[in-house]
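**Student:** Could you look at this predicted model? Sequence included:
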Amino acid sequence: MRLGKLLIPLLMVVSSVVFSQQTNSTRAVDGDYIVIDLSKSLEGNKVHDRLYYLILNSHSVDLPSEITDFLDAIPDEPNLHHKLTLQREEILKVLYNNRIHPDDKKFICNHYLQDRSYEPLIPIMPYLEAYVRTGSVK
């Protein structure tokens, strides 16, 4: 009985912290699109936070087999190939996520297209350019 009296307040505190974390940052749903709430982000972190949440909310998206085959065939340095493939996949998954708003997809494309000299992303630049131009990666 005594343990129950101590455990209940502790569980209430833990559950309230978990609930506040969930409602505080990433997603509210606007129709079928995920909305990212950046109102509590520091001004200098808003771009980084938006990229982070776009990628985080797209983690479970499956890429088409032709995209994964393309990424696997990129001739990277063997020690870096897996890491670079994961980085490219994360960005492309945002473009293939049906729950991400087209404006957010254009945002991520334009962000990475700003530095066209960043070698690891050069192989996927045509996909980013195609999305900005046509609104589709196909």
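**Tutor:** Done, it's in.

**Student:** Apart from its neighbours in sequence, what residue is nearest the residue most central in space within the chain?
**Tutor:** Centroid check for the chain by CA atoms, centre = their mean gives Ile55 as the closest residue, at 0.8 Å. Of all residues not flanking Ile55 in the chain, Glu90 sits nearest, at 4.9 Å (CB to CB, 6 or more residues apart in numbering). Using the backbone N, CA and C atoms, a C-beta is placed for each residue, glycine as well.

**Student:** What is the neighbour count of that neighbour?
**Tutor:** Residues lying near Glu90 (other CB atoms under 10 Å) number 17.

**Student:** any chance you could map the helices in this protein?
**Tutor:** 2-24, 46-56, 65-72, 81-96, 102-113, 125-134 (DSSP state H).

**Student:** For Ile108, give its distance to Asn57.
**Tutor:** Separation of Ile108 from Asn57 (CB to CB, to the nearest Å): 12 Å.

**Student:** neighbour count winner among the two?
**Tutor:** Ile108 (22 against 19).

**Student:** check contacts around the residue lying closest to the more buried one once chain neighbours are set aside.
**Tutor:** Excluding the flanking residues, the one nearest Ile108 by CB to CB, 6+ apart is Val94, at 5.2 Å. By CB atoms under 8 Å, 6 or more residues apart in numbering, Val94 lies in contact with Leu54, Ile55, Ser58, Val61, Ile100, Asp104, Lys105, Ile108.

**Student:** got it, and Ile67?
**Tutor:** The neighbours of Ile67, taking CB under 8 Å, 6+ apart as the test, are Leu92, Tyr96.

**Student:** Read off the pLDDT value for it.
**Tutor:** Here, the pLDDT recorded for Ile67 equals 96.

**Student:** what about it, distance to Tyr96?
**Tutor:** Counting by CB to CB, the gap from Ile67 to Tyr96 is 8 Å.
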